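Q: What would the 3D arrangement of this be:
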Amino acid sequence: MKIQFGDKGEVSWDVLLEALDKEQYLDQRHQQENCCRKCLRNFQYRCCGGSWLSLVFVVSVVICSQAFLFLYLLSTWGAFYTPAGHLVYNDTLGKLHHVHFSWSNCGDSLDPIQLKQLRVSPDPVPLNGNITLDLNCLVTETANAPISADFEVERRIFWLWVKIPCLDGLGSCHYNDVCEVIPFPPSEPCPDPFPRFKLPCRCPALKGHYIVKNSTFSVPGIVSYLPSWLISGDYYVHGVAYKNSTRLGCYSVYASVSY
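A: Okay, the predicted model is just below:
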């Protein structure tokens, strides 16, 4: 079917429909663009007093807030899927503290030190009482001194993680040899429960498979080793150990401390 348009001649019906559809599409798109511009202008005047700079600032704040939230959830993702524990203790001032913690492996299956399981009970665990331990650790290579280590400790303030500096050998510190800071001198025998569970208490960490199942022991005086800056808050500890620049293991700990 064709339609006569005066001096322009005949035009096919299909061509005419295609032209009408294209014109209708362009009209709809033009209306949508006008609607979007109108909504944006309304939002600009209501939210930012008509200032484009204020609008850019508001949008930037929203985007940054969402980015921080995403990074926070991403950084703490492992804490929801790893074994957890709950400790309670009284500090030197007699204040009762609660510590909820969980850990995760930040290395890979080729690392010589593989911590498969670490769980303490009951819930909560009093540090001045008896502790029940479940441990499964595989050491594929004997680790002799010196063993260097890097620790990074951060505390969450609102949505930000703030790095805690190295204070008196605790915090975000580098150790040239962690074997030198172990509080068990070679001249003295390893205290209980290390001999009972056949666990090393000092360097070297001999090659072997260390398993402790539902075993109870006490840790007297452990509160004296806790840092003074361990106040209420959420903490993230990232530790990596090396032997001659070769990584031995990498582990992260998430802890929430409250009164």
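Q: For the stretch 151-259 of the chain, give me the ranges with low pLDDT.
A: Across the stretch 151-259 of the chain, the ranges flagged by pLDDT under 70 are 219-230, 259.
Q: Just the helices from it, written as ranges.
A: 194-197 (DSSP state H, counting those that start in this stretch).
Q: Please enumerate the strands of it.
A: 160-163, 174-175, 208-218, 233-243, 246-258 (DSSP state E, counting those that start in this stretch).
Q: Which elements pack onto the first one?
A: For strand 160-163, the contact count by 3 or more C-beta pairs under 8 Å, 6 or more residues apart in numbering; DSSP states H and E identifies helix 52-75, strand 148-157 as packing neighbours. The C-beta positions use only the backbone N, C-alpha and C, and glycine is treated the same way.
Q: now the last one
A: Counting by 3+ C-beta pairs under 8 Å, 6+ apart, the packing neighbours recorded for strand 246-258 are strand 96-105, strand 113-121, strand 233-243.
Q: before we move on, what about the fourth one?
A: Packed against strand 233-243, as judged by 3+ C-beta pairs under 8 Å, 6+ apart, are the following elements: strand 148-157, strand 246-258.
Q: hang on, the earlier thing: between the strands of the stretch 151-259 of the chain, which gets nearest to residue 146?
A: Using C-beta to C-beta as the criterion, the shortest distance between residue 146 and those is 8.0 Å, found for strand 233-243.
Q: Report the inter-axis angle for that closest one versus strand 246-258.
A: 170 degrees (axes from the mean of the first three to the mean of the last three C-alpha atoms, to 10 degrees).
Q: what's around residue 102, how many residues?
A: 19 (other C-beta atoms under 10 Å).
Q: So what sits opposite it in the bridge?
A: Taking DSSP bridges as the rule, residue 102 bridges to residue 84, residue 254.
Q: Was I right to think it contacts residue 252?
A: No - with contacts counted by C-beta atoms under 8 Å, residue 102 stays clear of residue 252, the gap being 9.2 Å.
Q: is it possible to export the strands of the stretch 151-259 of the chain to CSV including distance to residue 197?
A: Putting the strands of the stretch 151-259 of the chain into CSV (distance: least, C-beta to C-beta, whole Å) gives the following:
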stretch, distance to residue 197
strand 160-163, 35
strand 174-175, 25
strand 208-218, 5
strand 233-243, 21
strand 246-258, 19
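Q: export these to a markdown table and tack on mean neighbour count?
A: What follows is those, written out as a markdown table (neighbours: other C-beta atoms under 10 Å):
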| stretch | mean neighbour count |
| --- | --- |
| strand 160-163 | 13 |
| strand 174-175 | 14 |
| strand 208-218 | 14 |
| strand 233-243 | 18 |
| strand 246-258 | 18 |
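Q: Go through the ones you listed and name the closest to residue 147.
A: strand 233-243 (5.6 Å).
Q: about what we covered before: so which of the helices and strands packed on strand 246-258 is nearest residue 206?
A: strand 113-121 (11.8 Å).
Q: tell me the contacts of residue 180?
A: 145-146 (C-beta atoms under 8 Å, 6 or more residues apart in numbering).
Q: what does the one 4 residues further on give?
A: Residue 184 makes contact with 190-191, 201-202, according to C-beta under 8 Å, 6+ apart.
Q: okay, the helices and strands packed on strand 233-243 in CSV with distance to residue 96 next?
A: Listed next are these as CSV, based on distance: least, C-beta to C-beta, whole Å:
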stretch, distance to residue 96
strand 148-157, 20
strand 246-258, 10
